[in-house]
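*Asks:* Quick one: sequence plus predicted model below, questions after.
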Amino acid sequence: MSAERALLVITDPAARSADGESVRVALDVLRASAPTKIVVPADSAELERALARRGRRRVVVVAGDGGVHSVVRVLDRRGELAETPLGVVPVDTHPGSDHGLARALGLPAEPAKAARVALGEYDRALDLLLDDLGGVALRSVRIGNGVRALRTGSAAGLAPRKPWRSFWDRAAHTVSSAVGPAGHRLRVEADGRVVADVDRPVFSVHVGCDDCDNGPARVGAAPELPSVAVQERSVNIDGPEQPSATRTEPAPATGTATVMITAFASGGRFGLPAQTRGTARPADDTAPARGPMLELRAREITVCGPDFTYEADAMATGPVRLRTWTVRPGAWRLYVPRPDPVVPG
């Protein structure tokens with residue numbers, strides 16, 4: 001990185017509280033490499049002011065999922081997201097995340113290594129999922145098994161930084177959410193086509209960005225546009241299941257997400273009512289079991305049903321009754337590790 005390119009480092013207060021040592025290590029590496037302005041925003045307005053006044057400084061975010069989401073939303077509102085490559089130093093801000101943000105973004109989990117990547121010259125265009133209320137998911141959305149339910153808390157007696165912590169990490173205080181005995185009764189539409197309905201309970205729904213059209217990480221290279229195909233595994237949605245049957249359709253060349261819907265096994269094949277009369281129940285049926293799975297690609301995904309909680313990356317939101325996610329192809333750019341050299345075949 002050239003010496004004249006200074007840094008604006010946005011530091012997540014929740015990250016400093018959760019793992020101050022990782023934040024300190026990252027800041028030491030960044031300060032030793034370039035002129036650095038460090039901002040710890042007290043609220044969303046302060047974050048917006050810092051980004052508006054950054055000039056030509058490279059933006060580096062030392063944060064968890066919530067902090068990165070906040071920066072992305074502000075830049076998107078300002079119309080500057082696609083033209084502002086971000087350096088990200090992922091910091092776990094709640095127990096059990098196990099470096100999930102680093103893994104999802106393909107970044108090192110060690111703060112010093114991630115800081116060096118943020119100082120590099122290789123960036124890659126990535127897709128994101130934008131919901132109908134302006135929320136973002138940088139990598140994936142998950143509903144159902146394993147999603148943490150939000151714990152309601154009192155607003156009394158908050159410390160001065162507490163509102164900003166809430167802005168950064170609304171899911172900092174969470175509890176486990178188990179799949180109920182009847183599964184999740186959700187209606188799922190992919191590009192306007194119903195692929196699951198409320199009469200057929202599901203175990204989980206996962207929506208993940210494909211980034212299939214964005215090409216490898218390079219300096220000044222145009223993205224490649226590979227051909228894409230969609231395969232749907234037959235899972236007895238509309239008729240008898242054919243285990244080996246697949247159907248291949250032409251897929252959009254850009255801007256798709258992979259949608260995986262796993263049936264709730266106790267409800268029969270993909271949620272069809274199970275014939276339980278006269279059958280013996282297992283000794284321990286307290287743990288829900290996965291059933292068949294449907295996998296497809298789509299540009300727009302709508303989920304509705306009784307109150308459900310979802311995770312955008314690792315940020316829990318809900319309960320809600322309706323949410324639509326739309327893929328924004330190549331909407332943001334991330335500094336990534338130097339790609340491995342291509343060996344001629």
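*Replies:* Perfect, I can see it now. These numbers come from a predicted model, not from an experiment. Numbers count the residues shown, from 1 in each chain.

*Asks:* By mean pLDDT, point me to the weakest helix or strand of the protein.
*Replies:* Across the helices and strands of the chain, mean pLDDT, DSSP states H and E gives its lowest value to strand 174-175, namely a mean of 34.

*Asks:* any idea which helix or strand comes after it?
*Replies:* Downstream of strand 174-175, the next assigned helix or strand under DSSP states H and E is strand 187-190.

*Asks:* Relative to that following strand, what are the paired strands and their orientations?
*Replies:* The strands that strand 187-190 pairs with in its sheet are strand 193-196 (antiparallel), strand 300-312 (antiparallel) (by DSSP bridges).

*Asks:* who touches the helix or strand just after the first one?
*Replies:* Following the chain from strand 193-196 toward its C-terminal end, the next helix or strand by DSSP H and E is strand 202-209. Outside of strand 202-209, the residues within contact range by CB atoms under 8 Å, 6 or more residues apart in numbering are 126-129, 137-146, 179, 183-186, 188, 196, 257-265, 271, 288-291, 301, 303, 325, 327. Any C-beta I mention is one placed from the backbone N, CA and C, and that applies to glycine too.

*Asks:* residues making contact with the helix or strand hosting E21?
*Replies:* Remark: E21 resides in helix 20-33, with elements defined by DSSP H and E. The contact list for helix 20-33 (CB under 8 Å, 6+ apart) reads 1, 7, 9, 11, 15-16, 36, 38, 60, 62, 89, 91, 111-112, 114-116, 118-119.

*Asks:* Adjacent strands (with direction) for the helix or strand following that helix?
*Replies:* Sequence order places strand 36-39 as the next helix or strand after helix 20-33, per DSSP H and E. Sheet pairing of strand 36-39 (DSSP bridges) gives strand 7-11 (parallel).

*Asks:* What is the burial count for the residue nearest to V40 when sequence neighbours are not counted?
*Replies:* Nearest residue to V40, sequence neighbours excluded (CB to CB, 6 or more residues apart in numbering): T11, at 4.9 Å. With neighbours defined by other CB atoms under 10 Å, the count for T11 comes to 21.

*Asks:* now T11: how far from A52?
*Replies:* Taking CB to CB, to the nearest Å as the measure, T11 falls 18 Å from A52.

*Asks:* Make sure S70 is indeed in a helix.
*Replies:* Yes - judged by DSSP: H, G, I helix; E, B strand; the rest coil, S70 forms part of a helix.

*Asks:* I'd assumed S44 was in contact with it.
*Replies:* Yes - contact criterion CB atoms under 8 Å: S70 and S44 qualify, at 7.0 Å.

*Asks:* and these two? which has more neighbours close in?
*Replies:* The residue with more neighbours, out of S70 and S44, is S70; 23 against 15, by other CB under 10 Å.

*Asks:* gap between the more buried one and P13?
*Replies:* If you go by CB to CB, the gap between S70 and P13 works out to 11 Å.

*Asks:* V194 now?
*Replies:* V194 is 43 Å from P13, by CB to CB.

*Asks:* cool, and G291?
*Replies:* For G291 relative to P13 (CB to CB), the value is 42 Å.

*Asks:* same deal with D313?
*Replies:* Counting by CB to CB, the separation of D313 from P13 is 19 Å.

*Asks:* same thing with R5?
*Replies:* Between R5 and P13 the computed distance is 26 Å (CB to CB).

*Asks:* one step back: what about D313 and P13, which has more around it?
*Replies:* D313 (24 against 21).

*Asks:* give the contact list for that one.
*Replies:* The contact partners of D313, taken as CB under 8 Å, 6+ apart, are 65, 69, 100-101, 104, 137-140.

*Asks:* Equivalent analysis for D131, please.
*Replies:* 137, 312, 323-326.

*Asks:* tell me the helices in the stretch 201-345 of the chain, going along the chain?
*Replies:* In the stretch 201-345 of the chain, no helices are found when defined by DSSP state H, counting those that start in this stretch.

*Asks:* so where's it shaky on pLDDT?
*Replies:* Applying pLDDT under 70 to the stretch 201-345 of the chain flags the ranges 212-254, 266-290, 342-345.

*Asks:* try 80 this time
*Replies:* 211-254, 265-291, 340-345 (pLDDT under 80).

*Asks:* Sounds good, over and out.
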